[in-house]
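Novice: Sequence and predicted structure, then a few things I'm wondering about:
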Amino acid sequence: MGWEYAVGDVVKLKKPHPCGSFEWEILRVGADFRLKCTGCGHQVMLPRRQVEKSTKNLIKHQET
């Protein structure tokens, strides 16, 4: 699927983090993504290809 990723969006991945959360907040977009686990706050850098492959759902950030 062709997802449109942006900073502040939340991605739901296919496999859970060891803390049990499936959802990650996007902190940086580019060739690499910086993601922050919404469950425990752990941050990781992943290549774009890996994030695109493992994304199950994308929740857009609501600006108020």
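Specialist: Happy to help now that I have it.

Novice: Every contact and neighbour count from this point should use C-alpha atoms.
Specialist: Noted.

Novice: name the element N57 belongs to?
Specialist: Assignment of secondary structure by DSSP states H and E places N57 within strand 55-59.

Novice: For that strand, which strands pair with it and how are they oriented?
Specialist: Using DSSP bridges, the strands paired with strand 55-59 are strand 10-13 (antiparallel).

Novice: following the strand it pairs with, which helix or strand shows up next?
Specialist: Past strand 10-13, the next helix or strand by DSSP H and E is strand 23-28.

Novice: quick revisit: just the buried positions in the strand holding N57, please.
Specialist: T55, L58 (16 or more other C-alpha atoms under 10 Å).

Novice: what angle sits between it and strand 23-28?
Specialist: 80 degrees (axes from the mean of the first three to the mean of the last three C-alpha atoms, to 10 degrees).

Novice: And the contacts of strand 55-59?
Specialist: Applying C-alpha atoms under 8 Å, 6 or more residues apart in numbering, the set of residues contacting strand 55-59 from outside is W3, D9, V10, V11, K12, L13, K14.

Novice: Give me the buried subset of these.
Specialist: With burial judged by 16+ other C-alpha under 10 Å, the buried subset of the contacts of strand 55-59 is D9, V10, V11, K12, L13.
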